[in-house]
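Trainee: Give me a model of this one.
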Amino acid sequence: MFRKTLAVVLAVVFFGAGSVFAAASADEVESAEEAVGSAQVSANSVESNLSQAVEPNLSQTVEPNLPKAVGPTLEDNWNDFLHYTKIGRLDLAKGYARAILAEGPDPVQLLALAEENQPGYALLLKVIENTQDTELAGLGKKLLAVIEKGRFIRRSDPKVIVEEIKRLSGTERGRLAAVKHLQNAGEYAVVYMLDTMADADRKDELPNIIWALPQIGRDAIRPLTAALQTDNIGVKSEIIIALGKIRYPQVLPYLKYILEMDDSPQLRGLAEESIKQIDPAAMKISAAELFYKLAEDYYYHSESLQAAEDANFANIWFWDSAGRRLTREKVDKRYFNELMAMRACEWALKADVEFGQAIGLWLAAFFKAQSVGVDMPSYFGGAHADAAVYATTAGPEYLHQALARAVKDKNAYVALGVVDALAANAGEKSLLYRLGVDQPLVQALSFDDRAVRYSAAIAIAAAGPKEAFPEAKLVVENLVEAIGGADSNSDANTGWNRQLADSYAVRSAEVMLKLAQTRNPVIDLSGAKDTLISATKDKREQIRILAGRVLAHLDSPDAQRAIAVMALAGDNSMAVRVAAFESLATSAKLNANLLDDEKVDAIYSLVSSRETNPHLRSAAATAYGSLNLPSRKVKNLILDQAKS
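Mentor: All right, here's what the predicted structure looks like:
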């Protein structure tokens, strides 16, 4: 009996400690902890003494029903977390935060606690902004995530929503409470409200739902505009009226589309009335233009268009014509705005197939969505092509629209995707296309991102321009920079790495060779000479070979001598040396002999030696002959092999 009574005392000491410590100073906490320790020692001593005594027959003893020890509740830990945060005992606050998270709290219950204590919730938000204690801020973010999850669970529960819709037709008090809950449910309420409106067996509820629908507010816009595709004239009419009452400008393109395209005079009239309620000036703007403006707002992440914050995903709403109801697909928030921009562009083209600006924006939005690095949503379908395929198929006009936007926004991913598409299928005139006074591809030559600059330079050079343009020097400068590998260190922010640097170096050298071979009159490669000469000693074998081939077309003694040095260098591989002699032969044919006697003699030694590798000897002999040397040099070669 004494042992159980003692257990209750100790339980009170331990579980009451939180409330004791809550009002105690640091010294008092330490004293209390020591007191608890002493109590434990005393209890152990008593129990030890009792164990030596003869115990009574417990089976014959009636024990009272003692209360079981109960640990701190979620509410206790939440309040203690807030209390210790408020008084600055952050070490204890962190302990209570960990205790809450370790229990896997009910999100809805924690949300309720946060709502009951608004100053406490404000304190939590302040904790998250704390830059001095990052551990506490991190715990605060986790607590907030649980609260937001509770908010989402509560507002999206179908059972609750259906019951609240029924309550709209109850008492006045119930009706007001119901509409408040439906406002909180937001977009999730709309699908069930429209289902009820379309249900012929629930006609009596219709006036109350019609009254409540516009009061859902901005959050109802996306599902409501998707539901405008219904063939139920009555429901569609009420949606149009509700959108007019909600009075947000993002509904204007959908209403104007009905005004321009719908066959029903009744619906067109309602759409006109709703437009005038929101913005009468929109009557003078086409639906295609309004959709394009909406697409741009999504593209630039307009604050008024953002998805709800209480979930880690966003919803895109569709109208299921077979099921005659709304459906939704959850998508990653990181590209939600871009996907919605694409959808708005598609509606612009439905409104006006000639509205080409929507194509350029659609391409930019697709590339921008891809830049997130997340698989496209399932509604795209498994066989959906990527942005590059659509870009390559699109005409230069639309690609330049997308590129101009990317250059202005300094969006490297979009710019690079568009430039690569232009390079794949455009000629000189298409590449140097003007949008007004601007040439987007030429502007890309000065882009901050080196990959964009290099790609633009390669694209223009590959087209072999015939008409002079002021930025031609920038083409060479970028090609030179790419070959020289000024900075090949990896950069996680831009994705730049050694492999990419090598790829651009090779592509730049190859396009320089094309320019040299065609003797392009616009892009002067003489400015690349020094870099190309240095490249003959590059660690990358392919770059050495390509550099020699380009130098062969430059009318310069230094260029020809650099090729000869590469060909004669014994530490080069056989492939490099043979290629260098071939380049030397080309240089000699185009520019005659520009070598000094020392190098000519060294080549002669290789040709005349029986120890020289046959392939190398043959290449050297070709180069030697191409130098068109005086007859005495050739005479020596013949006589040296003659037998007396």
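Trainee: Helix or strand for the spatially most central residue of the chain, just tell me which one.
Mentor: Nearest to the geometric centre of the chain sits residue 372, at 2.3 Å (C-alpha atoms, centre = their mean). Counting by DSSP states H and E, no helix or strand carries residue 372.
Trainee: what does residue 453 give?
Mentor: Assigned by DSSP H and E, residue 453 falls in helix 450-463.
Trainee: which other helices and strands contact that helix?
Mentor: For helix 450-463, the packing partners by 3 or more C-beta pairs under 8 Å, 6 or more residues apart in numbering; DSSP states H and E come out as helix 412-425, helix 428-431, helix 440-443, helix 472-484, helix 498-517. C-beta coordinates here come from the backbone N, C-alpha and C atoms, glycine included.
Trainee: just the strands in this structure please.
Mentor: 313-320, 325-332 (DSSP state E).
Trainee: Tell me the strands beside the last one, with direction?
Mentor: Strand 325-332 pairs in its sheet with strand 313-320 (antiparallel), by DSSP bridges.
Trainee: What residues sit buried inside the partner strand?
Mentor: Within strand 313-320, the residues scored as buried using 16 or more other C-beta atoms under 10 Å are 314, 315, 316, 317, 318, 319.
Trainee: Please name whichever of the strands of the chain is nearest to residue 570.
Mentor: strand 325-332 (58.1 Å; C-beta to C-beta).
Trainee: can I see the domain layout of this protein?
Mentor: 1-55, 70-156, 192-331, 524-644 (automatic domain parsing).
Trainee: Of the buried residues of strand 313-320, which is the nearest to residue 143?
Mentor: Once C-beta to C-beta is applied, the member of these that ends up nearest residue 143 is residue 314, at 23.1 Å.
Trainee: For the strands of the chain, give me a markdown table that also has mean pLDDT.
Mentor: Output for the strands of the chain, formatted as a markdown table (pLDDT from 0 to 100):
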| stretch | mean pLDDT |
| --- | --- |
| strand 313-320 | 96 |
| strand 325-332 | 96 |
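Trainee: need the ones you listed in JSON lines with distance to residue 515, can you?
Mentor: Below are the strands of the chain laid out as JSON lines (distance: least, C-beta to C-beta, whole Å):
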{"stretch": "strand 313-320", "distance to residue 515": "47"}
{"stretch": "strand 325-332", "distance to residue 515": "44"}
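Trainee: With respect to residue 553, which of the ones you listed lies nearest?
Mentor: Closest among the strands of the chain, using C-beta to C-beta: strand 325-332, at 50.9 Å.
Trainee: quick revisit: quick one: buried residues of the helix holding residue 453?
Mentor: Buried-residue list, helix 450-463, by 16+ other C-beta under 10 Å: 450-463.
Trainee: Return the distance of the closest residue to residue 565 other than its chain neighbours relative to residue 480.
Mentor: Nearest residue to residue 565 in three dimensions, chain neighbours excluded: residue 536, at 7.1 Å (C-beta to C-beta, 6 or more residues apart in numbering). Using C-beta to C-beta, to the nearest Å, residue 536 is found at 14 Å from residue 480.
Trainee: The two: which is more packed in?
Mentor: residue 536 (25 against 21; other C-beta atoms under 10 Å).
Trainee: Under the pLDDT cut-off, which ranges of the protein? List them.
Mentor: 1-70, 426, 429, 433-437, 486-494, 630-644 (pLDDT under 70).
Trainee: Pretty sure residue 150 sits against residue 108.
Mentor: Yes. When contacts are counted by C-beta atoms under 8 Å, residue 150 is listed as touching residue 108 (4.4 Å).
Trainee: between those two, which one's more packed in?
Mentor: residue 150 (22 against 16).
Trainee: which ones are touching that one?
Mentor: 106, 107, 108, 109, 110, 111, 112 (C-beta atoms under 8 Å, 6 or more residues apart in numbering).
Trainee: Any chance you could list what contacts stretch 266-273?
Mentor: Residues contacting stretch 266-273 (C-beta under 8 Å, 6+ apart): 233, 236, 237, 240, 241, 244, 255, 256, 258, 259, 262, 283.
Trainee: Closest one of those residues to residue 512?
Mentor: residue 256 (52.7 Å).
Trainee: Next one: the spatially closest residue to the closest one that is not a sequence neighbour from residue 340, what distance?
Mentor: By the measure of C-beta to C-beta, 6+ apart, the closest residue to residue 256 outside its immediate chain neighbours is residue 287, 4.1 Å from it. Using C-beta to C-beta, residue 287 is found at 17 Å from residue 340.
Trainee: ok so, going back, using a markdown table, please lay out the contacts of residue 150 together with distance to residue 578.
Mentor: A markdown table is the format used below for these (distance: C-beta to C-beta, whole Å):
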| residue | distance to residue 578 |
| --- | --- |
| 106 | 76 |
| 107 | 72 |
| 108 | 77 |
| 109 | 79 |
| 110 | 75 |
| 111 | 76 |
| 112 | 81 |
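Trainee: Which of the residues you listed fall within helices?
Mentor: 107, 108, 109, 110, 111, 112 (DSSP state H).
Trainee: could you flag which of the residues you listed are buried?
Mentor: For the ones in helices among the contacts of residue 150, buried by 16+ other C-beta under 10 Å: 107, 108, 110, 111, 112.
Trainee: Need those residues in TSV (columns: distance to residue 88).
Mentor: Output for those, formatted as TSV (distance: C-beta to C-beta, whole Å):
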residue	distance to residue 88
107	28
108	31
110	23
111	26
112	27
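Trainee: Who are the contact partners of the closest residue to residue 277 other than its chain neighbours?
Mentor: Distances taken as C-beta to C-beta, 6+ apart place residue 244 nearest to residue 277, at 4.4 Å, with adjacent residues excluded. Taking C-beta under 8 Å, 6+ apart, we find residue 244 in contact with 251, 255, 270, 273, 274, 275, 277, 278.
Trainee: and with 10 Å instead?
Mentor: Contacts for residue 244 were tallied using C-beta atoms under 10 Å, 6 or more residues apart in numbering; they are 214, 251, 255, 270, 271, 272, 273, 274, 275, 276, 277, 278.
Trainee: burial of the fifth one, as a residue count?
Mentor: Around residue 271 there are 27 other residues, counting by other C-beta under 10 Å.
Trainee: From residue 447, how far off is it?
Mentor: With C-beta to C-beta as the criterion, residue 271 and residue 447 are 44 Å apart.
Trainee: Hmm, residue 420 and residue 507 touching each other?
Mentor: No. Counting by C-beta atoms under 10 Å, residue 507 does not reach residue 420; the two are 11.0 Å apart.
Trainee: Now do the helices in the stretch 201-350 of the chain.
Mentor: 206-212, 221-227, 233-246, 252-261, 265-278, 287-299, 336-351 (DSSP state H, counting those that start in this stretch).
Trainee: Remind me what the second one packs against, helices and strands.
Mentor: Other helices and strands packing on helix 221-227, by 3 or more C-beta pairs under 10 Å, 6 or more residues apart in numbering; DSSP states H and E, are helix 187-198, helix 233-246, helix 252-261, strand 313-320, strand 325-332, helix 336-351.
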